[in-house]
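Asker: return a 3D structure for these sequence lines:
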Amino acid sequence: MVLQTAMPMILGYFVYDLALAAFVSGSAMEKLMVVHHSLCIMVWPISFHYRTGCFYILYMMAAELSTPFLWLVVYFLPRYKITGPVYILLGLVMVLVFFVIRILPGPALLNSLISSQIYWKGVNPAIYWLAMITLPLPSLLFTYWFVRILQGMVGALASDKKD
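Answerer: This is a model prediction of the structure:
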């Protein structure tokens, strides 16, 4: 029931997020986000229809709770040249929230996917392979983005010390 109610909203949000990214920047980070959101828009309805991998979809929806902090710190505050303690505090909150929601669960989710192979035995082979190929991708992308966020944070702190 939760997934049935939330699916149209989150897919609509992804379409909005894709449009927003198209207007904000064209960096490699946004290109990966476009691929990530596009795959979600295509794969999640299939998974929901076949009732496979719904637990993972719910987790990935919950992971989007960190997105407002990301947009705020990475795009909006710099665009309006908001710096200083507010920027640093919100940046630290963003890193903490991103880590707790997107990075920390990653190993357990991948272990769950490996450990649940008996469940997948009865699933249509095309759906099985779609799941096995796409379900690990968010954890890999989240890790890449987290490293980039940390690099940006270190770079920002280093440039503040030079000034």
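
Asker: ok, Glu30 touching Ala19?
Answerer: No. Look at Glu30 against Ala19 with C-beta atoms under 8 Å: they stay out of range, at 11.7 Å. Quick note: C-beta positions are derived from backbone N, CA and C, even for glycine.

Asker: who's more crowded, these two?
Answerer: A count of neighbours by other C-beta atoms under 10 Å puts Glu30 above the other of Glu30 and Ala19, at 16 against 10.

Asker: I'd like the distance between the more buried one and Leu110.
Answerer: Distance of Glu30 to Leu110, given as C-beta to C-beta, to the nearest Å: 25 Å.

Asker: do the same with Leu150
Answerer: Distance from Leu150 to Leu110, by C-beta to C-beta: 21 Å.

Asker: before we move on, what about Tyr80?
Answerer: Relative to Leu110, Tyr80 is positioned 38 Å away (C-beta to C-beta).

Asker: when these two are compared, which one has more neighbours?
Answerer: Taking neighbours as other C-beta under 10 Å, Tyr80 and Leu110 compare with Leu110 leading, 14 against 8.

Asker: can you check the pLDDT for that one?
Answerer: With respect to pLDDT, Leu110 scores 95.

Asker: dump the residue contacts of it.
Answerer: 136, 139 (C-beta atoms under 8 Å, 6 or more residues apart in numbering).

Asker: tell me which element it is part of?
Answerer: helix 106-115 (DSSP states H and E).

Asker: helix or strand next in line after that helix, which one?
Answerer: Of the helices and strands lying after helix 106-115 in sequence (DSSP H and E), the nearest is helix 117-120.

Asker: between helix 106-115 and the next helix or strand after that following helix, find me the angle.
Answerer: Next helix or strand after helix 117-120 toward the C-terminus (DSSP H and E): helix 125-134. Helix 125-134 runs at 160 degrees relative to helix 106-115, counting by axes from the mean of the first three to the mean of the last three C-alpha atoms, to 10 degrees.
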